[in-house]
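S.K.: the following block contains a protein sequence and its predicted model.
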Amino acid sequence: MNSNEIAKIVGVSRSTVSRVINNYPDIPPATREKVLKAIKEYNYYPNASARRLAGMKNSTLGIFIVDIKDNEKPHHVIINNEDLLYDNSYFSPFINAFIDQANKMHYYVLVSTVYSSEELWKIQSAFYEKRIDGGVVIGSNEDDFSRILKAIKKNFVLAAVDINVTEHNKNKAIYINIDNYTGAYDATKYLIELGHKNIGIVTGDLNKLSGKIRFESFKDALSGSCIPLNEDFIAYGDFTEYSGYTAMKKILMSKYKPTAVLVCNDTMTIGAYKAIAEAGLSIPEDISVIGFDNTQSSQHMSPPLTTVNVSLAEAARNCVEVIARSIENDRLEAEERIIGTKIIKRNSCRNINIETLPNVAKS
Ligand code: HPA
């Protein structure tokens, strides 16, 4: 069955059938009803590619997970038979919630990964081939996102997670960001309130907005409390577990060890916990650790990790809503949504104030 045959059965032109299917308003209600009845009766499904050719929407949103490591193996989203990409604790809550929200709003979802610069065309072609009505990029750094923006038309409905708006606002897009600054500031202040003055940091990937802002905010919070930052207490990670391990090992080699460390994501705290254990130290007795992201596993660590909650699910729901609204209004609603953070206090940070008080106060 095709639209021609439906047209013959109903006694209208093929273009009337197609106008009914695509919800044009200029069809008399009686004709619309007759066409829809025939469509139902004869089980006619309008061909998706024909609809695409006709420039119609296809109710599909894209998620592009970008993990470009041109000079090395992709490792941020480790892929082997055991560690599958979509188990990654940073991406999975976002993807999960994105798909869920999209489905609730009657959209299909196309998921695609980009592992090298050469694969950036995937995003471009998904738009140009009209496979998707809109999409989101997650995991990309600022440079890659600039290239993506350059490659696609300005009016495509594109969203990005963890990208700095000001660097890209000549090109319009929807930006979904976490309030990294407040989160890292609160985390550092919390350690200071617990009496820590020798505080270290394991940074995230400084090419990513979250990595950069968390580090800057940490430095601001220390200087705001007149606490000097010891260079030996800074170690650079890239958000992976292994980098958390090597970075923490480096910090523990310093002559005067910090009494507390901000580790800029929970995945790296897994490696950091391992390095601390190998050094024969205990958390929080010898060293306090605070993480960031509140990933699923953080509550099951030993000791359970104190961390900064970031609702990637809320970020995803916001993302779908803004994308869908732009598609429905046929106009890219360029805007930035910022998702709040909150400290989740568990058992990996210790109050050392008590030890600095005079003996009398202790008893
Ligand atoms: N990757 C992993 N974890 C993260 C990231 C990231 O890009 N940003 C914040 N936490």
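M.R.: Nice, thanks for sending it over.

S.K.: which positions in this structure make contact with the ligand?
M.R.: 90, 139, 162, 204, 208, 210, 239, 265, 267, 293 (C-beta under 6 Å from any ligand atom). (Each C-beta comes from the backbone N, C-alpha and C, glycine too.)

S.K.: the fifth one: neighbour count?
M.R.: Around K208 sit 21 other residues, with neighbours defined as other C-beta atoms under 10 Å.

S.K.: that one against D162, yeah?
M.R.: Yes. Under the criterion of C-beta atoms under 8 Å, K208 makes contact with D162 at 5.9 Å.

S.K.: could you pull out the helices in the stretch 51-200 of the chain for me?
M.R.: 91-104, 121-128, 142-151, 180-193 (DSSP state H, counting those that start in this stretch).

S.K.: which strands and helices sit next to the first one?
M.R.: So the one you mean is helix 91-104. For helix 91-104, the packing partners by 3 or more C-beta pairs under 8 Å, 6 or more residues apart in numbering; DSSP states H and E come out as strand 60-66, strand 108-114, strand 134-138, helix 312-329.

S.K.: so which of those gets nearest I192?
M.R.: Among the helices and strands packed on helix 91-104, the nearest to I192 by C-beta to C-beta is helix 312-329 (27.3 Å).

S.K.: need the next SSE after the closest one, C-terminal direction.
M.R.: strand 335-339 (DSSP states H and E).

S.K.: let me know the next secondary structure element after that next one.
M.R.: Immediately after strand 335-339, counting by DSSP H and E, sits strand 341-344.

S.K.: partners of that next one in the sheet?
M.R.: If you go by DSSP bridges, strand 341-344 pairs up with strand 307-310 (antiparallel).

S.K.: quick one: average confidence on the partner strand?
M.R.: Across strand 307-310, pLDDT averages out at 98.

S.K.: again, but for stretch 321-330
M.R.: 93.

S.K.: can I assume N347 is in contact with T306?
M.R.: Yes. Contact between N347 and T306 holds when scored by C-beta under 8 Å: they sit 7.1 Å apart.

S.K.: compare the two (neighbour count), which wins?
M.R.: The residue with more neighbours, out of N347 and T306, is T306; 26 against 14, by other C-beta under 10 Å.

S.K.: so the more buried one versus the ligand, what's the distance?
M.R.: 16 Å (C-beta to the nearest ligand atom, to the nearest Å).

S.K.: go on, E216?
M.R.: 14 Å.

S.K.: show the pLDDT at that residue.
M.R.: 98.

S.K.: equivalent analysis for the one 5 residues further on, please.
M.R.: In the prediction, the pLDDT value recorded for A221 is 98.

S.K.: residues in contact with it?
M.R.: 184-185, 188-189, 192 (C-beta atoms under 8 Å, 6 or more residues apart in numbering).

S.K.: output the residues you listed as TSV; include the columns pLDDT and distance to K150.
M.R.: Below are those laid out as TSV (pLDDT from 0 to 100; distance: C-beta to C-beta, whole Å):
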residue	pLDDT	distance to K150
A184	98	31
Y185	98	34
T188	98	37
K189	98	40
I192	98	43
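
S.K.: tell me the one of those nearest the ligand?
M.R.: A184 (10.8 Å; C-beta to the nearest ligand atom).

S.K.: mind listing what the closest one touches?
M.R.: Per C-beta under 8 Å, 6+ apart, neighbours of A184: 213-215, 217-218, 221, 262, 264, 292, 308.

S.K.: likewise for N347?
M.R.: 284, 303-304, 306.

S.K.: which of the contacts of A184 has the most neighbours?
M.R.: Result: C264 is most packed of the contacts of A184 (other C-beta under 10 Å), 34 neighbours.

S.K.: check contacts around that residue.
M.R.: With C-beta under 8 Å, 6+ apart, C264 has these contacts: 184, 201-204, 210-211, 214-215, 237, 239, 292.

S.K.: for the stretch 201-350 of the chain, which segments count as strands?
M.R.: Taking DSSP state E, counting those that start in this stretch as the criterion, the stretch 201-350 of the chain contains strands spanning 234-236, 260-263, 288-290, 307-310, 335-339, 341-344.

S.K.: quick one, phi/psi of the residue of the stretch 251-363 of the chain found nearest the ligand?
M.R.: Minimum separation of the stretch 251-363 of the chain from the ligand (C-beta to the nearest ligand atom) falls at N265, amounting to 4.0 Å. As for N265, its main-chain torsions (degrees, to the nearest 10) stand at phi -160, psi 160.

S.K.: can you pull the contacts of it?
M.R.: 90, 204, 210, 239, 291-293, 295.

S.K.: read off the pLDDT value for K69.
M.R.: For K69, pLDDT reads 68.

S.K.: likewise the one 10 residues further on?
M.R.: Looking at I79, its pLDDT is 52.

S.K.: now V114
M.R.: 89.

S.K.: how about the nearest residue to it, chain neighbours excluded?
M.R.: V66 (4.6 Å; C-beta to C-beta, 6 or more residues apart in numbering).

S.K.: surely the one you found is in contact with D144?
M.R.: Yes. Under the criterion of C-beta under 8 Å, V66 makes contact with D144 at 5.9 Å.

S.K.: more neighbours: which of these two?
M.R.: V66 (27 against 19).

S.K.: which ones are touching that one?
M.R.: Here V66 is in contact with 113-114, 137-140, 144 (criterion: C-beta under 8 Å, 6+ apart).
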